[in-house]
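Undergrad: Here's a sequence, model it:
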Amino acid sequence: MHLRFQVGLPFPSSSLNGFKADFAADYPVAERAFENLAARELERLTAAIPPGDLAIQWDLAYETQDLEGVLAWTGEGAWERFAGPVTRLARLVPEEVLVGYHLCYGTFPEWPMYEARDMGLLVRMANFAVANSGRTVDWLHLAGPRYLRSEDRSFFRPLVDLEPGDARVFLGIVLPIDGAAGLRRRHATASRYISGFGVRCTAGSAASPARTAPRPCGSTPAWSAPSGMRNARKPHRGSPSAASAPGRMTGIQRPRKPHHQSCGVETPVFRPGRKRRSSSRRVTLICSDRTG
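TA: Got it, this is the predicted structure:
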């Protein structure tokens, strides 16, 4: 098995949400400094870790809430605070490094910090990221709903407009509160509007408080659509089965039998309909992030 070392890096708004006193004046200055720091950190990472052994996940939690208009201190310019870093930061990552986007609504002080009406905003953000990152996007993770909306078709309907290219899509519909039965309901509802997707925890098992997650998220059965991976860059894309924490390992393999790992637990593959292009390698991420 070929392992990749995955590092989760927040986007500026998710990192700089403490600048509340005079946001309009302070944020532009802090954002430039943050992006400079991120560029230097990427250089340091790729110098210390061979690019072929590295995966980078951009974590966006406050950007989503900023765009929803629920942050009292941010004001105008929310789309540029998201779109600008997409066009500037992602292209700094060497092409040999796998790159994904984790789009959610955060888990502090509880999950989710804001529950969206539907997935329309996440779809719009994902489409922009794929089209404007200036490099390959290998995976997209989009947070799902609370369990009471497992069969809410209106929540999932915007997925018909998702344009992921060859990036693998993962929906955060594994919840620590209703197990496999709830997952099946959410999977069935989402499958009306998208096929060939993988599943994972909504914002990572590491972010699930003990009172709502009596057992690790990975102990809940989960399914992932089969997909071929890439050994060489070209139009092939990577296939992580879950977004992972900074400093966690990302496994890459070609299994003889269709299995993947979700939050560290090997689980059987669910095959929902649409066939996907196959290539030569499989990417498995084995843990979850804390940013979301």
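Undergrad: what sits against residue 117?
TA: By C-beta atoms under 8 Å, 6 or more residues apart in numbering, residue 117 lies in contact with 154, 155. To be clear about C-beta, it is placed using only N, CA and C from the backbone, and glycine gets the same treatment.
Undergrad: For it, report the pLDDT, please.
TA: At residue 117, the pLDDT value in this model is 87.
Undergrad: residues contacting residue 124?
TA: Applying C-beta under 8 Å, 6+ apart, no residues qualify as near residue 124.
Undergrad: And the helices in the stretch 1-150 of the chain?
TA: With DSSP state H, counting those that start in this stretch, the ranges of helices along the stretch 1-150 of the chain come out as 12-15, 23-48, 62-68, 78-89, 120-132.
Undergrad: Tell me which of the ones you listed lies nearest to residue 54.
TA: Closest approach to residue 54 among those (C-beta to C-beta): helix 23-48, 6.5 Å.
Undergrad: can I get the helices of the stretch 1-150 of the chain in JSON lines with distance to residue 187?
TA: Shown next, in JSON lines, are those (distance: least, C-beta to C-beta, whole Å):
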{"stretch": "helix 12-15", "distance to residue 187": "28"}
{"stretch": "helix 23-48", "distance to residue 187": "35"}
{"stretch": "helix 62-68", "distance to residue 187": "22"}
{"stretch": "helix 78-89", "distance to residue 187": "28"}
{"stretch": "helix 120-132", "distance to residue 187": "17"}
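Undergrad: any chance of the ones you listed in TSV, plus mean pLDDT and distance to residue 169?
TA: TSV is the format used below for these (pLDDT from 0 to 100; distance: least, C-beta to C-beta, whole Å):
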stretch	mean pLDDT	distance to residue 169
helix 12-15	88	21
helix 23-48	93	25
helix 62-68	90	17
helix 78-89	95	17
helix 120-132	97	8
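Undergrad: now for the ones you listed, which one comes closest to residue 149?
TA: helix 120-132 (14.2 Å).
Undergrad: Give the residue spans of this structure that score low on pLDDT.
TA: Filtered on pLDDT under 70, the chain yields the residue ranges 108-113, 203-292.
Undergrad: Let me see the contact set for the nearest residue in space to residue 145 that is not next to it in sequence.
TA: Spatially, and ignoring its direct neighbours in sequence, residue 145 is nearest to residue 155 (5.0 Å; C-beta to C-beta, 6 or more residues apart in numbering). By C-beta under 8 Å, 6+ apart, residue 155 lies in contact with 117, 118, 119, 145, 149, 189.
Undergrad: Give the burial count for the residue nearest to residue 52 when sequence neighbours are not counted, as a bare number.
TA: Excluding the flanking residues, the one nearest residue 52 by C-beta to C-beta, 6+ apart is residue 96, at 5.0 Å. For residue 96, the count of nearby residues is 13 (other C-beta atoms under 10 Å).
Undergrad: Go ahead and confirm residue 96 touches residue 51.
TA: Yes. Counting by C-beta atoms under 8 Å, residue 96 touches residue 51, with 3.7 Å between them.
Undergrad: So in that sheet, which strands flank the longest strand along the chain, and in what orientation?
TA: If you go by DSSP state E, the chain has its longest strand at strand 2-10. Paired strands of strand 2-10, with direction, are strand 54-60 (parallel), strand 248-253 (antiparallel) (DSSP bridges).
Undergrad: any idea how far residue 34 is from residue 84?
TA: 12 Å (C-beta to C-beta, to the nearest Å).
Undergrad: The spatially closest residue to residue 162 that is not a sequence neighbour: how many residues sit nearby?
TA: In space, and not counting its chain neighbours, residue 162 is closest to residue 123: 5.0 Å by C-beta to C-beta, 6+ apart. Burial measure for residue 123: 22 neighbouring residues, criterion other C-beta under 10 Å.
Undergrad: for residue 123, what are its contacts?
TA: Neighbours of residue 123 in contact, by C-beta under 8 Å, 6+ apart: 142, 158, 159, 161, 162.
Undergrad: Many thanks, we can stop here.
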